[in-house]
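Peer 1: Just the structure for this:
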Amino acid sequence: MQKITILGATGSIGASTLDVISQHPQTYQVFALTAHRQLDKLVELCQRFCPRYAVVETEQDAEVLQQQLTGLGLDTELLFGDAGLCQVASASEVDAVVSAIVGAAGLVPTLAAVKAGKKVLLANKEALVMSGALFMQAVREHGAQLLPIDSEHNAIYQCLPCNYHEGLQQVGVRRLLLTASGGPFRETALADLAKVTPAQACAHPNWSMGQKISVDSATMMNKGLELIEACWLFDAKPQQVEIVVHPQSVIHSLVDYVDGSVLAQLGNPDMRTPIAHALAWPDRIESGVSPLDLYQLARMDFYEPDLERFACLKLARDAAEQGGTAPAILNAANEVAVAGFLAGQIGFLAIAHLIETVLQQLAVQSVTNLQTVLTADQQARELAQIWLTQNCSLARR
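Peer 2: Predicted coordinates for the structure are as follows:
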């Protein structure tokens with residue numbers, strides 16, 4: 001029986017993970033669940049899975065939920081804040097930690113799991129985007145097992161040889177090809193992008209995701225963050241990672257070898273596949289995902305991304321090449337920009353404009369410790385908020 005902590009249990013990744021776990025009750029047991037806002041949903045999950053711990057953001061929320069769970073006859077203990085997240089991520093009883101908290105908030109507890117030498121199923125891009133060098137160094141030093149569950153990185157992981165850690169060139173890899181759906185605006189006229197609403201941006205054609213990730217998909221910032229993440233996961237240079245728009249989202253990514261071979265991982269667009277792969281690795285288990293019907297699929301299309309349409313993708317690649325704190329600055333500015341867009345403060349096209357402005361204003365530093373990263377993150381958020389305050393009316397035009 002493997003005990004699992006799920007950081008971000010009420011989101012789409014958390015839901016998919018719990019669905020896989022529920023299919024294998026003799027193998028996996030939920031140790032802890034965490035939630036940021038969806039507290040009613042957390043109560044429902046605690047009733048169903050009876051975790052030893054649940055973690056919420058504030059002490060007040062913890063007190064309220066503790067009373068609810070006690071009243072329901074549950075023994076689940078409520079914790080709160082970063083301390084609570086780190087406790088359930090590093091607890092000695094835990095075998096694996098699913099890192100599914102969206103945004104920079106996932107960095108510290110994920111790093112705690114790594115330092116405790118856990119098997120970490122990584123969906124939180126920001127942990128590597130913000131502090132890739134420090135994070136991967138901690139993985140090596142503490143003997144953690146890092147398995148990506150983003151569909152694209154999991155696909156690459158499955159297509160690489162087991163000794164890829166020796167270096168991509170040494171094992172004959174020429175390129176890593178990250179596929180992208182292109183989001184809901186792949187074919188939208190450029191002139192109409194300024195009128196895009198949050199509801200339209202969140203209506204992803206293939207995947208069911210939270211609002212922030214859906215907007216990132218619409219701007220293709222998610223693919224830029226994944227490019228940075230891939231560089232750290234697989235020790236690749238930005239020039240070795242290419243983005244391919246593939247609207248059907250059936251090929252999840254590919255690996256190009258020097259002999260001309262290209263290996264691809266295919267499957268229906270369902271996050272339960274990479275989650276089940278990582279949970280059971282190196283074995284395989286049922287995920288509940290339907291088999292891929294190639295006859296029904298009939299065709300697959302591929303396009304080069306339009307960097308005029310997807311300016312965020314170019315900004316991310318530039319940040320990857322610059323290195324240092326540039327990716328952390330990029331990520332922080334993007335989080336503020338997306339929140340501003342979802343709140344109706346700025347228009348869709350202003351997301352890239354805000355990010356570019358912050359990157360130009362804030363000096364990039366070398367990353368020597370975690371505090372350097374956190375400082376850059378905070379400074380970028382402050383500059384982004386100032387930009388929002390000063391340019392709200394202009395940005396809506």
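Peer 1: C-alpha only now, for contacts and for neighbours.
Peer 2: Will do.
Peer 1: in which helix or strand would I find the nearest residue to Q378 once chain neighbours are set aside?
Peer 2: Nearest residue to Q378, sequence neighbours excluded (Cα to Cα, 6 or more residues apart in numbering): A332, at 7.6 Å. Per DSSP states H and E: A332 is located in helix 326-342.
Peer 1: Equivalent analysis for L78, please.
Peer 2: Using DSSP H and E, L78 falls in strand 77-80.
Peer 1: How about residues contacting that strand?
Peer 2: If you take Cα atoms under 8 Å, 6 or more residues apart in numbering as the criterion, strand 77-80 is touched by 52-59, 62-63, 65-66, 85.
Peer 1: do that again at 6 Å, thanks
Peer 2: Y53, A54, V55, V56, E57, T58, E59, A62, Q66 (Cα atoms under 6 Å, 6 or more residues apart in numbering).
Peer 1: Give the pairing partners of it; include direction for each.
Peer 2: Sheet pairing of strand 77-80 (DSSP bridges) gives strand 53-56 (parallel).
Peer 1: Who does the helix or strand that H252 is a member of pair with, and is each partner parallel or antiparallel?
Peer 2: According to DSSP H and E, H252 maps onto strand 251-257. Here strand 251-257 is paired, per DSSP bridges, with strand 173-180 (antiparallel), strand 262-266 (antiparallel).
Peer 1: Now that strand - C-alpha only, CSV.
Peer 2: Coordinates of the C-alpha atoms in strand 251-257 are reproduced here as CSV (Å, rounded to 0.1, in the frame of the first residue of the first chain):
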residue,chain,number,x,y,z
ILE,A,251,0.5,13.0,-30.1
HIS,A,252,1.6,14.4,-26.7
SER,A,253,5.2,15.0,-27.7
LEU,A,254,8.1,13.5,-29.7
VAL,A,255,11.8,12.8,-29.5
ASP,A,256,13.9,13.2,-32.6
TYR,A,257,17.1,11.0,-32.8
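Peer 1: Assign a three-state SS to K41, would you?
Peer 2: Three-state call for K41 (DSSP: H, G, I helix; E, B strand; the rest coil): helix.
Peer 1: before we move on, the earlier item: including neighbour count, pLDDT and distance to G324, could the contacts of strand 77-80 go into a markdown table?
Peer 2: Rendered in a markdown table, the data for these read as follows (neighbours: other Cα atoms under 10 Å; pLDDT from 0 to 100; distance: Cα to Cα, whole Å):
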| residue | neighbour count | pLDDT | distance to G324 |
| --- | --- | --- | --- |
| Y53 | 20 | 97 | 37 |
| A54 | 30 | 97 | 35 |
| V55 | 31 | 96 | 32 |
| V56 | 26 | 95 | 32 |
| E57 | 19 | 93 | 30 |
| T58 | 14 | 94 | 32 |
| E59 | 14 | 94 | 35 |
| A62 | 20 | 95 | 37 |
| Q66 | 20 | 95 | 42 |
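Peer 1: returning to what we had before: out of the strands paired with strand 251-257, which is closest to K119?
Peer 2: strand 262-266 (22.7 Å; Cα to Cα).
Peer 1: tell me which residues in the helix or strand that comes right after that closest one are buried?
Peer 2: Using DSSP H and E, the helix or strand that follows strand 262-266 towards the C-terminus is helix 272-280. If you call a residue buried by 16 or more other Cα atoms under 10 Å, then helix 272-280 has these buried ones: R272, T273, P274, I275, A276, H277, A278, L279.
Peer 1: which residues does the last one contact?
Peer 2: Taking Cα under 6 Å, 6+ apart as the definition of contact, L279 has no neighbours.
Peer 1: Give the residue spans of this protein that score low on pLDDT.
Peer 2: 204-209, 393-397 (pLDDT under 70).
Peer 1: State which helix of it is the longest.
Peer 2: For the chain, the longest helix by residue count, based on DSSP state H, is helix 370-395.
Peer 1: Show me what that one packs onto, helices and strands only.
Peer 2: helix 326-342 (3 or more Cα pairs under 6 Å, 6 or more residues apart in numbering; DSSP states H and E).
Peer 1: got the buried residues for the helix it packs on?
Peer 2: Quick answer for helix 326-342 (16+ other Cα under 10 Å): 326-342.
Peer 1: go on, stretch 148-164?
Peer 2: Under 16+ other Cα under 10 Å, the buried positions of stretch 148-164 are 148-160, 164.
Peer 1: List the ones among those that fall in strands.
Peer 2: Among these, the ones falling in strands (DSSP state E) are P148.
Peer 1: Specify the beta-bridge partners of E77.
Peer 2: Residues found in beta-bridge contact with E77 (criterion: DSSP bridges) are Y53.
Peer 1: Against T34, how distant is it?
Peer 2: 12 Å (Cα to Cα, to the nearest Å).
Peer 1: And those two? Which one has more around it.
Peer 2: T34 (30 against 16; other Cα atoms under 10 Å).
Peer 1: Does that one touch T58 like I think?
Peer 2: No. Assessed by Cα atoms under 6 Å, T34 is found out of contact with T58, at 11.8 Å.
Peer 1: Report the set of residues contacting both of those two.
Peer 2: Residues touching both T34 and T58 (Cα under 6 Å, 6+ apart): none.
Peer 1: circling back to that earlier point, tell me the most buried of the strands paired with strand 251-257?
Peer 2: Comparing the strands paired with strand 251-257 by mean neighbour count (mean count of other Cα atoms under 10 Å), strand 173-180 ranks first with a mean of 24.
Peer 1: mind checking the SS state of A32?
Peer 2: strand.
Peer 1: ok, H252 to S261 distance?
Peer 2: Separation of H252 from S261 (Cα to Cα): 17 Å.
Peer 1: Now do the helices in the stretch 51-200 of the chain.
Peer 2: 59-71, 81-90, 107-115, 126-142, 151-159, 198-201 (DSSP state H, counting those that start in this stretch).
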